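Asks: coordinates only, sequence not included:
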Ligand code: FDA
């Protein structure tokens, strides 16, 4: 049977990085993946420019049943170290906003750098993984192209998001098979959907973007919100989707930094003949302002005729908009999978299963999920480095 010192399952961000960190003279490392190309998610990430890290990386930017778990790996592999690799490979980059670093050119440059870095490791694509077992002395990986014996396995097959791109629940199956616990999985960083009655109001607004602030279950984000044909999207919605649970309502501030009722009262005092729609148009995108006035029966009104109580209602509709999503767009469009391999069963320094020496889980399959903005790749690099360097 073919022998290897280390077999990495999954040639995504974490798997490729782990291979690079594990490379040492004379060590036989295999990276296996069923896909035709490695790291397909890197290719499409960040709108094709890969938001490869975030300078503000800290454990509080991650969701997990154990928020402290990620701290060890994250502190030992910092964003600056990844930036040095990027620069060493001659890849031009820029900071977009809030510490988010993107390539100036194509995301595939990052994959190229990762492949160059894993010198000596062998990448085997289009290889179906059939079974992983332990025969008492070591692991046996059964693939459609033969069996491989090894003393170390790193599972880096990611989460369930975007099945169309080859995502599977394979990592969770292996974890369960070896007795590790799984924190329930669900789609994260994902657009939210509305029931038909709310959609009827929102559909005409599809394409309108507005800055919004949402606080929910401990998460607080201020960023762009986008109305879609199915509900709401945009960075602020993707962020809060990771904190939202089915059945919960959200309160959205569509004009953060403005006390809309107070602004309308001030405008009423100065220009009472103005319509509420024109007044709101100074605070919100015109289409949204018009739609809210129509919804509240103020399409043809004058500001001067509106009592304080009415302007307070308009203010509340904008500063404290109550919505009740019916669900999310699910794994079909989710950027990440929340939950996963329970960190209680993993060693934080090496990502090895506590009760199965030689078996590690890294990247998205672990119950560590970052905010939007490069944090998930930073977790992939950091967890992969920790597992790759482990003796
Ligand atoms: P990843 O999914 O990258 O890799 C898993 C690999 O395992 C794949 O190659 C897959 O083919 C393989 N595999 C799965 N099941 C298998 C099986 N049964 N047999 C064999 N192989 C199998 N994050 C970020 O920080 N910045 C960003 O800009 C973006 N942008 C972004 C855009 C979009 C559209 C998505 C969907 C996601 C992002 N992300 C992101 C998230 C980021 O892509 C994600 O967190 C990492 O890719 C996770 O890396 P992993 O290596 O763990 O899994």
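Replies: Cool, the structure landed. Because the structure is a prediction, the values reported are computed rather than measured.
Asks: following the helix or strand where residue 133 lies, which helix or strand comes up?
Replies: Element membership of residue 133, judged by DSSP states H and E, is strand 129-134. Once strand 129-134 ends, the next helix or strand along the chain (criterion: DSSP H and E) is strand 139-143.
Asks: Give the buried residues for that next one.
Replies: 139, 140, 141, 143 (16 or more other C-beta atoms under 10 Å). (Glycine included, C-beta is placed from N, CA and C.)
Asks: Need the max-distance pair from those residues.
Replies: Longest distance between any two of those is 12.6 Å, between 139 and 143; criterion C-beta to C-beta.
Asks: Next, count neighbours for the residue of the stretch 201-350 of the chain found nearest the ligand.
Replies: Minimum separation of the stretch 201-350 of the chain from the ligand (C-beta to the nearest ligand atom) falls at residue 335, amounting to 3.9 Å. Here the number of neighbours of residue 335 (other C-beta atoms under 10 Å) works out to 21.
Asks: my read: it touches residue 189, true?
Replies: Yes: the pair residue 335 / residue 189 is scored as a contact, 3.8 Å apart, by C-beta atoms under 8 Å.
Asks: Residues that sit against both of the two, list them.
Replies: Common contact partners of residue 335 and residue 189 (C-beta atoms under 8 Å, 6 or more residues apart in numbering): 238, 372.
Asks: on contacts alone, who are the packing partners of the strand holding residue 133?
Replies: Using 3 or more C-beta pairs under 8 Å, 6 or more residues apart in numbering; DSSP states H and E, the elements in contact with strand 129-134 are strand 139-143, helix 170-177.
Asks: List the buried residues of the last one.
Replies: By neighbour count with 16+ other C-beta under 10 Å, helix 170-177 contains the buried residues 170, 171, 172, 174, 175.
Asks: Enumerate the residues of the stretch 101-250 of the chain near the ligand.
Replies: 129, 156, 157, 158, 161, 162, 166, 167, 168, 170 (C-beta under 6 Å from any ligand atom).
Asks: mind listing which of those residues are in strands?
Replies: Residues of these located in strands (DSSP state E): residue 129.
Asks: What about the residues of the stretch 101-250 of the chain next to the ligand, which one has the most neighbours?
Replies: Neighbour max across these (other C-beta under 10 Å) = residue 156, 33 neighbours.
Asks: OK, contacts around that one?
Replies: Counting by C-beta under 8 Å, 6+ apart, residue 156 has contacts 8-12, 14-15, 18, 171, 361-363, 365, 384.
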